[in-house]
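In: The amino acid sequence is not available; the structure is as follows:
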């Protein structure tokens, strides 16, 4: 089953739209769903031109395609457990929160908190991801616990903050505090980033570019070969008894 | 004039000597009366269990420390979210909910009066502000005096009357209700980076011992004729082997008051530990309960621990630091100038953890081994042992051996050799539960004469009607029905109005705050004492005239004036 949701031009505006109902599973029982804009509850067809092709028995067979100006659409794919969401443009904050299965593919940019606290499934972002991509949330102790996030553009600050499992790959640069509070899983940044893996307690963090503002509490071990690259290995944050691994191509300390 | 008639209520009212009698309750203008006119609104209770409104004699629901618990655990606010509905505001939070969250959840469980367990005098305004947004319960605040410099100096000089005078001035100034000692001397020692291990250790600089503090504050409390006794959180909380310290503290207490206890010992579960370390940690509920059984001058509350996550918060700063060293999670530590301090950390009590399992058992043992339910009240020291929403489960555990056994089978397997719980057959009855949750609390707090905790004519019309028929439910077998029944009242009536119905709160309400103003002679008026004023000006960051809480902070002020022997 393929559900196409084309955002009506009139529906866009300054107020974000909370669209946690846009999850493949929910379309098994029709398109009679609602979303919230501010304190107003709106039917899906008030915002989108909805078209459905085919039918499905399980959420794995559902593909939701979002088109139009969807950058103010928040919480799409929250608690998603299967199926596919394809976003042709950009997507708003909190896309794929808590998702445990299925695939979200974003052709444009993603706003903050992409794949926050996800437990499984795959998110592919062909553009840039903003701050707190694949991270935890305020006060929480564990961020992403499983699954995979791949960003082909850049990522913002606090990429994979508190990550406890799963894999995050960013092909461009990442911002400040990359992998802060990391406690498990794998984080790969192909470009540069700043202050990676601060206060890490576990997991592995790879920076194929330059780590700027390198945290001084990491102990240098030596060089290793990884994926055809020569990287410098550090033992994780000594503030936490050095549990965890940080690999960087190059690094510079703060002056 | 508003009138309400509650018909066919199966009333348990221990203070009036009513136990399971089906009767009508007449209410006029917020008070219980003999009879009402035919025009009265009628509520038919259909023979359901009806008791005076619940009274929590020790809970932490309002004030700076509670609020800091919210502040440092934003993740707690992700639980317990309810949207705005009818008269109800939106709420959120589980272990430290919003004030409305506390108020609604207590009201739905039939609670109408709450005692905030610890208010730092300097920060009293915050407590009173939050009280005014706790609309469905009458409130009162125990005021902290454990590390008050003026009092410590007066004790060093052996001047109990001056201790009483400082308490009198402070209680009136901050609109507090009772005297709370939290780890007396220990929090002051903590400000020197130390602690006191038990009641004979001197506090740095002041060179007074916790034993001296407890004894003179107890005497001062009786000089002031306060409604409530001294409310003591013993030294050495949460340490293996601390029960000797607890017994030592209890042994200091003479019987000074005919109407009520002389000492209220709070969350005694945390003070009833045996062993010399965590490896041989065990329950010492038996010696504690036996001691209390022989001492009518002591009332305690359980401080029951229930499994799950919660937030611990107390004025006992050093203890929270020790907990932080165990958990390595978040920690907050706070100093309140010349008065006290506090610490907060979030915790999770786990069934698979032996220490936590033993703690769970100790609270229940204290309640079951204390012969008189008037001497052991039901609390969790909310939220330290568990959030108060667990009370119905605790009631069911106390009423059902079968439920206890079923739960016991799920906890750490080594618990059985460390605790006497499996051997205790006692099952509490409805009357005893009513004592532990309202009548006993009212007597212990000294508010029964103010119309709390009973349903005799003249009493405040605070009534809880639970959807339970006591002759149809067998609590020892049908414990789930007991839990469900106590979780959600059919009606909660507060000051003559139905405030909650089947889980819905119906009105925005307005509470009353009880506070105490002891009358002392001119010579003992600390507001005019040159020494006291000088100390105040010298060391406090606030001016003495800005210190007292203004009347505007209390929505509905109920001042209790006492004649002090000073």
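Out: On my side now, so go ahead. Everything numeric in this text was worked out from a predicted model, so none of it was measured.

In: Which of the helices or strands spans residue A:252?
Out: For residue A:252, the element it lies in under DSSP states H and E is strand A:245-253.

In: right, and the secondary structure at residue A:104 would be what?
Out: Here residue A:104 is recorded as strand under DSSP: H, G, I helix; E, B strand; the rest coil.

In: Now for residue B:479: which residues touch it?
Out: B:396-397, B:399-400, B:402-403 (Cβ atoms under 8 Å, 6 or more residues apart in numbering or on different chains). To be clear about C-beta, it is placed using only N, CA and C from the backbone, and glycine gets the same treatment.

In: if you set the cut-off to 7 Å instead, what comes out?
Out: B:396, B:399-400, B:402-403 (Cβ atoms under 7 Å, 6 or more residues apart in numbering or on different chains).

In: and residue B:164, that one's in a helix?
Out: Yes. With three-state DSSP as the criterion, residue B:164 is part of a helix.

In: Hmm, it is touching residue B:218, no?
Out: No. Judged on Cβ atoms under 7 Å, residue B:164 makes no contact with residue B:218 at a distance of 10.8 Å.

In: So which of the two has more stuff around it?
Out: Set residue B:164 next to residue B:218 and count neighbours by other Cβ atoms under 10 Å in any protein chain shown: residue B:164 wins out with 28 against 24.

In: out of everything not next to it in sequence, what's closest to that one?
Out: Counting by Cβ to Cβ, 6 or more residues apart in numbering or on different chains, residue B:164 lies nearest to residue B:220, which is 3.7 Å off, once chain neighbours are set aside.

In: who touches the helix or strand containing the one you found?
Out: Assessed by DSSP H and E, residue B:220 sits inside helix B:210-223. The contact list for helix B:210-223 (Cβ under 7 Å, 6+ apart) reads B:145, B:155, B:160-161, B:163-164, B:167, B:179, B:181, B:184-185, B:196, B:199-200, B:229-230, B:232, B:235, B:249, B:252-253, B:256-257, B:262-263, B:564-566.

In: Mind pulling up the pLDDT for the closest residue to chain B within the stretch 101-250 of chain A?
Out: The nearest approach of the stretch 101-250 of chain A to chain B comes at residue A:139, 3.7 Å away (Cβ to the nearest Cβ). pLDDT recorded at residue A:139 is 88.

In: Residue A:239 too?
Out: 83.

In: what's the neighbour count on it?
Out: 13.

In: again with the one 4 residues further on
Out: For residue A:243, the neighbour count with other Cβ under 10 Å is 14.

In: now swap in residue A:41 and tell me
Out: 11.

In: do residue A:153 as well
Out: 17.

In: before we move on, what about residue B:289?
Out: Count around residue B:289 with other Cβ under 10 Å applied: 22.

In: same thing with the one 10 residues further on?
Out: The burial metric for residue B:299, expressed as a neighbour count using other Cβ under 10 Å, is 28.

In: Just confirm it is within a strand.
Out: Yes. Counting by three-state DSSP, residue B:299 is found in a strand.

In: Now list the buried members of the contacts of helix B:210-223.
Out: Among the contacts of helix B:210-223, those buried by neighbour count (16 or more other Cβ atoms under 10 Å in any protein chain shown) are B:145, B:155, B:160-161, B:163-164, B:167, B:179, B:181, B:184-185, B:196, B:199, B:229-230, B:232, B:235, B:249, B:253, B:257, B:262-263, B:564, B:566.

In: ok, the nearest residue to residue B:408 once chain neighbours are set aside to chain A distance?
Out: Leaving aside its chain neighbours, residue B:408 sits nearest to residue B:422 (6.2 Å; criterion: Cβ to Cβ, 6+ apart). Using Cβ to the nearest Cβ, to the nearest Å, residue B:422 is found at 35 Å from chain A.
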